[in-house]
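# Sequence first, then the predicted structure:
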Amino acid sequence: MDKRTYAILGTGALGGFYGAKLQKSGLEVHYLLKSDYQQVRENGLIIQSKDGDFTLPQVNAYNDVNKMPQCDVVIISLKTTQNQLLPDLLPPIVKNNGVVLVLQNGMDIEPEIAKIVDNVNIIGGLCFLCSNKVAPGHIHHLDYGQISLGAYASNYQSTGITKQMEEIASDFEKAGISIELLEDLLLARWKKLVWNIPYNGLSVILDGRTDELMTDIHTHQLVESLMREVVVGAKSTGRIIPESFIETMLDYTLKMKPYRTSMKIDFDEKRPLEVEAIFGNPLRKAELAGVNLQQIRCLYQQLKFLDMRNRS
Ligand SMILES: NC(=O)C1=CN([C@@H]2O[C@H](COP(=O)(O)OP(=O)(O)OC[C@H]3O[C@@H](n4cnc5c(N)ncnc54)[C@H](OP(=O)(O)O)[C@@H]3O)[C@@H](O)[C@H]2O)C=CC1
Ligand SMILES: CC(C)(CO)C(=O)C(=O)O
């Protein structure tokens, strides 16, 4: 096959970074933008990265999906708070039998995509990336970058490794992004939440960076106890996360450069928070299985209040 073409639905901290890396490796990439459209169309993208800075003076920039070509792989890199737009944004650019690659944090996004487009391969990707958009078309990649990929099948049945996953992994690896292929997407989503639920939630509620949450004994204990509750949530849906994974996530965060989580950045910028995808959906999933995740519910309720007050 010819080289695969990529569309980036939401050219921000994550989509801008991965899209630019794919383009730099020689692939054709088409970027959907909103407020940065004019700037990026005229000046391209600037990537400031711990792995080496680079600029792409010319990119295929759009502010309307109807002007974009259909692409082999459509990467969803909007904030989940904008996913209500997907019924309009996705169908025009997805190829029959193409791939929709969901690189967003949270749970239960893929079933929503499956309702919007059929005859596509839906793949979820969990990104271990620390990246911020610091100005229009200017992305600052601070740390990490690895993606774990899993294919979606109805009700998150485990699928094995698909041909499309291997092809995407090959494109990303050529672009310098390391990829892990997984057989069970639901397990991968729960594992990512072991990080996102405590740190994203507490960073907003307690107004703290990751290093601050780790050095104080009380917040360190709180983080750990929330991680354990995510493990209980995973178990309620038949997914087992080993005890050692909690240690790995604590260690990963200790070694991370002091980081303002993406949810904290959204809060500080008075943007909507991804509360439903990261907290509401896993809570409801566990509830359906008869399990009440009390500590996570407590975070959810506080975040809903803070989010509403912050934007009113
Ligand atoms: N940043 C990171 O390091 C990580 C992020 N994630 C996840 O990735 C996802 C994306 O996050 P992130 O990249 O940080 O978020 P950003 O806010 O940086 O990027 C989202 C982009 O989508 C654009 N957008 C919004 N609405 C539209 C629209 N209607 N048409 C076109 N573009 C639009 C925004 O443009 P505008 O600014 O003009 O509104 C923005 O540039 C989230 O689910 C997040 O949790 C996961 C791991 C790490
Ligand atoms: C875990 C992390 C930092 C990416 O590795 C993230 O997902 C976030 O900031 O939301």
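Thanks, I have it. Ligands and ions are numbered 1, 2, ... in the order given.
# Give me the distance between the closest residue to ligand 2 within the stretch 201-312 of the chain and Lys133.
Per CB to the nearest ligand atom, Ser262 is where the stretch 201-312 of the chain lies closest to ligand 2, at 3.9 Å. For the C-beta atoms, the positions are set from N, CA and C on the backbone; glycine is no exception. According to CB to CB, to the nearest Å, Ser262 and Lys133 sit 10 Å apart.
# Equivalent analysis for Gly15, please.
Where Lys133 is concerned, Gly15 sits at a distance of 10 Å (CB to CB).
# Please say which of those two ends up with more neighbours.
Neighbour tally, Gly15 and Lys133, criterion other CB atoms under 10 Å: the higher count belongs to Gly15, 26 against 18.
# what pLDDT does that one get?
pLDDT, Gly15: 98.
# Excluding sequence neighbours, find me the nearest residue to it.
Leaving aside its chain neighbours, Gly15 sits nearest to Ser77 (3.0 Å; criterion: CB to CB, 6 or more residues apart in numbering).
# got the residues of the stretch 201-312 of the chain near ligand 2?
Counting by CB under 6 Å from any ligand atom, the stretch 201-312 of the chain comes close to ligand 2 at Thr261, Ser262.
# residues in the stretch 201-312 of the chain within reach of ligand 1, list them.
Residues of the stretch 201-312 of the chain lying near ligand 1 (CB under 6 Å from any ligand atom): Ser262, Glu274.
# at 8 Å instead, please
Within reach of ligand 1 by CB under 8 Å from any ligand atom, the stretch 201-312 of the chain has these residues: Ser262, Met263, Ile265, Asp266, Arg271, Glu274, Ala277, Ile278.
# Can you flag the buried ones in those residues?
Buried subset of these (neighbour count, 16 or more other CB atoms under 10 Å): Ser262, Met263, Ile265, Asp266, Glu274, Ala277, Ile278.
# Let's test this: what are the backbone torsions at Glu247?
Glu247 adopts backbone torsions of phi -60, psi -40, taken as degrees, to the nearest 10.
# That one: neighbour count?
Here the count is done by other CB under 10 Å, and Glu247 has 12 residues near it.
# That one and Glu224: what is the separation?
Distance of Glu247 to Glu224, computed by CB to CB: 9 Å.
# thinking again about what came up before, show me the contacts for the residue of the stretch 201-312 of the chain closest to ligand 2.
Ala13, Asn105, Asn200, Glu274 (CB atoms under 8 Å, 6 or more residues apart in numbering).
# In JSON lines: the residues you listed, plus secondary structure and distance to Lys115.
Formatted as JSON lines, the contacts of Ser262 follow (DSSP: H, G, I helix; E, B strand; the rest coil; distance: CB to CB, whole Å):
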{"residue": "Ala13", "secondary structure": "helix", "distance to Lys115": "27"}
{"residue": "Asn105", "secondary structure": "coil", "distance to Lys115": "20"}
{"residue": "Asn200", "secondary structure": "helix", "distance to Lys115": "26"}
{"residue": "Glu274", "secondary structure": "coil", "distance to Lys115": "20"}
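# Out of those, who's the most crowded?
Highest neighbour count within the contacts of Ser262, by other CB under 10 Å: Asn200, with 26 neighbours.
# which residues does it contact?
Asn105, Thr261, Ser262, Met263, Lys264, Glu274, Ile278.
# Same check on Asn97?
Asn97 makes contact with Asn119, Val120, Asn121 under the criterion CB under 8 Å, 6+ apart.
# with those in mind, which one is nearest to Gly137?
Set against Gly137, the nearest of the contacts of Asn97 by CB to CB is Val120 (29.0 Å).
# Correct me if wrong: that closest one contacts Leu101.
No: with contacts counted by CB atoms under 8 Å, Val120 stays clear of Leu101, the gap being 10.3 Å.
# If anything else comes up later, I'll come back, but that's it for now.
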